[in-house]
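# just coords:
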């Protein structure tokens, strides 16, 4: 991924199959990413059952919020799946998926401000300060902003190695997101725990790889290597 | 029980048809709609809710417009039938409100197991349009049909040792499938202090919108205590137990720092995770833009019930 960033668009090799079909699969993924909104809209207009129920605002808040979390999780799946399957072109989708996570998080916050609180800024301020689950959700949203801003090719080039460091924030953001979900559930925490489990696997995978890489480099450099023989 | 010589009003005369039924039902009963009285006198389908005879109690009814039948019966917290608001309606068929028995036990003279018919027989049903405030900070306006809990309690002659009444939901994972999961401690138990239970606002409910309760609303018999958060209003009751000590209640066991025994609606005492100062008046009328209204102390019933708690620190006894 660093190579792509460093290289930019100047010395592009001739289009391979992946690149040629990018114009097909990228729009397809884009449209698929709008599914949660389409689903809500169709239910809202009574075109599909069930309708949005007695509290459509709350349902919308939850569906959109969960979509944000889903996109964060999917974004975090890109690297492991790419490494395990060798589908390197998945990387081309990661920025879009990450931006959709930001889009849904922002929309979730907007629904909260508007349909849940009616822009009652005093109540909102109190909520953010006093309610830990809202505090961490808000913190996660704030942290997503720099990631979205630096998602362009230009910013990737400009930040170089620091770009990846900055974007590791997504691990913290996703942890906060799952935590935010877990904390706001009244009782049945099964679903947030499933999210936590998947996230643990995704982060554990990275931790193990990083640790192995470190171990590999340190043993190759270290003079203590012969100990094993 | 005293049978008041009041006029028996048919449900359809009170509530407008379009609110009373959902659209599909109106279409299905289009013919009957022209012959309202006849239609309601005819034998109803065995599975669905049946029309009840009742009088409206205006003294205890709010004049606010009630939520639609669909709101009231399609948006429920009845964790025994699923934790999502739409689950109870979907899973309602597994709960069979007939035959049904209620056991009366504890500190009272008349004990035993009674059929639901015996429980209901002596009581004249009345409709009361109550505000319903959920601890989750949403609210509805609901036309319940029932009779005062006090009238029921008096029949069993509680002794002086009876300080609380404990009400228990059916325990039967076949009928209430989510009792297989460790969501709350099953069966669901709720309770009231005796003086709270004897307050005329405390209602034993058998119907809603002029018809018998659908399973998802706690058929065949549930409690409604309108000045308390909804979780106090235990559903599908099979046991009435008069006890000396404060009962261990479901949500209080589950999260004592969040849900107290008293659970009186109180805008001044927040839930640890959210504010209780306001509520969202949800439902068909508001749609996406449900009104956000101030929550009233004791859910607006302070005049009738505040004296029950005089001298009590309601921050401590939340």
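Thanks, I have it. Everything quoted here is computed from the prediction, not taken from an experiment.

# So which bits of the stretch 1-150 of chain B are right by chain A?
Proximity of the stretch 1-150 of chain B to chain A, by CB under 8 Å from any CB of the partner chain, involves residues B:67, B:70-71, B:74-75, B:79, B:83, B:85-86, B:136, B:138, B:140. C-beta here means a position set from N, CA and C on the backbone, and glycine is covered the same way.

# ok, so of these, who is nearest residue B:176?
residue B:79 (9.0 Å; CB to CB).

# For the residue of chain A found nearest chain B, which non-adjacent residue is closest in space?
Per CB to the nearest CB, residue A:54 is where chain A lies closest to chain B, at 3.6 Å. Spatially, and ignoring its direct neighbours in sequence, residue A:54 is nearest to residue B:75 (3.6 Å; CB to CB, 6 or more residues apart in numbering or on different chains).

# wouldn't the residue of chain A closest to chain B be in contact with residue B:282 here?
Yes. At 5.1 Å, residue A:54 and residue B:282 qualify as touching, with contact defined as CB atoms under 8 Å.

# Overlap in contacts, these two.
Common neighbours of residue A:54 and residue B:282, using CB atoms under 8 Å, 6 or more residues apart in numbering or on different chains, are B:67, B:71, B:75, B:140.

# Let's see if you can find the most crowded of those.
residue B:67 (25 neighbours; other CB atoms under 10 Å in any protein chain shown).

# my guess is that residue meets residue B:283, correct?
Yes. When contacts are counted by CB under 8 Å, residue B:67 is listed as touching residue B:283 (4.0 Å).

# All the helices of chain A, residue numbers only.
Per DSSP state H, chain A carries helices over the ranges A:2-7, A:17-33, A:35-44, A:56-85, A:91-111, A:121-130, A:132-149, A:153-159, A:161-167, A:169-184, A:190-221.

# Which one of those helices lies nearest to residue B:301?
Taking the helices of chain A one by one with CB to CB, helix A:121-130 is closest: 24.5 Å.

# other SSEs contacting that closest one?
Here helix A:121-130 touches helix A:132-149, going by 3 or more CB pairs under 8 Å, 6 or more residues apart in numbering or on different chains; DSSP states H and E.

# close to chain B, is the helix it packs on?
Yes. For helix A:132-149, a contact with chain B is found by CB under 8 Å from any CB, at A:132-133.

# need the contact list for the residue of the stretch 51-200 of chain B at minimum distance from chain A.
Residue of the stretch 51-200 of chain B nearest chain A, by CB to the nearest CB: residue B:75 (3.6 Å). For residue B:75, the contact set (CB under 8 Å, 6+ apart) comprises A:53-55, B:85-86, B:140, B:282-283.

# could I get those as JSON lines with pLDDT?
What follows is these, written out as JSON lines (pLDDT from 0 to 100):
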{"residue": "A:53", "pLDDT": "85"}
{"residue": "A:54", "pLDDT": "87"}
{"residue": "A:55", "pLDDT": "90"}
{"residue": "B:85", "pLDDT": "92"}
{"residue": "B:86", "pLDDT": "92"}
{"residue": "B:140", "pLDDT": "96"}
{"residue": "B:282", "pLDDT": "91"}
{"residue": "B:283", "pLDDT": "85"}
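
# hmm, which two among those are most spread apart?
Distance extremes for these: the farthest pair is B:86 and B:140 at 15.1 Å, using CB to CB.

# Hmm, residue B:126 and residue B:55 touching each other?
Yes. Residue B:55 is within contact range of residue B:126, at 5.4 Å (criterion: CB under 8 Å).

# Just give me the residue closest to the centre of the chain.
I went with chain A, as the question did not name one. Note on chain A: the residue nearest the mean C-alpha position is residue A:72, at 1.9 Å, using CA atoms, centre = their mean.

# sorry, should have said chain B
residue B:224 (3.6 Å).

# Tell me where the chain is predicted with low confidence.
Using chain A. For chain A, the stretches with pLDDT under 70 are A:1-19, A:220-229.

# should've been chain B
Along chain B, the model assigns pLDDT under 70 to residues B:1-47, B:284-285.

# In it, mark out all the strands, start to finish.
Listed in chain order, the strands of chain B (DSSP state E) span B:55-56, B:101-106, B:112-115, B:126-133, B:138-148, B:164-169, B:189-193, B:203-208, B:211-212, B:222-224, B:237-243, B:278-281, B:291-294.

# who does the fifth one pair up with?
Paired strands of strand B:138-148, with direction, are strand B:126-133 (antiparallel), strand B:203-208 (antiparallel), strand B:278-281 (parallel) (DSSP bridges).

# out of those strands, deepest packed?
strand B:203-208 (a mean of 25; mean count of other CB atoms under 10 Å in any protein chain shown).

# Residue A:175 is in contact with the residue nearest to the centre of chain A, correct?
No. Residue A:72 is beyond contact range of residue A:175, at 9.8 Å (criterion: CB under 8 Å).

# picking that back up, just the contacts of residue B:75 now: which is nearest residue B:255?
residue B:85 (19.4 Å).

# Look up the closest residue to the closest one, ignoring the ones flanking it.
In this structure, residue B:85 finds its nearest non-sequential neighbour in residue B:75, 4.9 Å apart by CB to CB, 6+ apart.

# Repeat that for residue B:80.
Distances taken as CB to CB, 6+ apart place residue B:176 nearest to residue B:80, at 3.6 Å, with adjacent residues excluded.

# Could you do residue B:289 as well?
Nearest residue to residue B:289, sequence neighbours excluded (CB to CB, 6+ apart): residue A:115, at 7.0 Å.

# I figured the one you found hits residue A:59, correct?
No. Between residue A:115 and residue A:59 there is no contact under CB under 8 Å: 10.3 Å.

# residues contacting whichever residue of the stretch 201-318 of chain B sits closest to chain A?
Ranked by CB to the nearest CB, the top residue of the stretch 201-318 of chain B for proximity to chain A is residue B:282, at 4.3 Å. Going by CB under 8 Å, 6+ apart, residue B:282 touches A:54-55, A:57-58, B:67, B:71, B:75, B:138-140, B:290.

# Over to residue A:60?
A:40, A:52, A:111, A:115, B:288.

# And for residue B:94?
Contacts for residue B:94 (CB under 8 Å, 6+ apart) come out as B:81, B:174-177, B:215.

# And the furthest pair within these?
B:174 and B:215 (13.5 Å).

# Which one's more surrounded, these two?
Under the criterion of other CB under 10 Å, the comparison of residue B:174 against residue B:215 puts residue B:215 first, with 26 against 10.

# ok now do that one, which residues does it touch?
Residue B:215 sits next to B:81, B:88, B:92-97, B:236 when contact means CB under 8 Å, 6+ apart.

# cool, and residue A:173?
A:72, A:140, A:143-144, A:147.

# how near is residue A:80 to residue A:90?
Distance, residue A:80 to residue A:90, by CB to CB, to the nearest Å: 10 Å.

# returning to that earlier point: list the residues that are in contact with both of residue B:67 and residue B:283.
Taking CB under 8 Å, 6+ apart as the contact rule, residue B:67 and residue B:283 both touch A:54, B:140.

# could the contacts of residue B:282 be laid out in CSV, adding distance to residue B:116?
Below are the contacts of residue B:282 laid out as CSV (distance: CB to CB, whole Å):
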residue, distance to residue B:116
A:54, 28
A:55, 32
A:57, 38
A:58, 34
B:67, 26
B:71, 26
B:75, 26
B:138, 30
B:139, 29
B:140, 26
B:290, 35
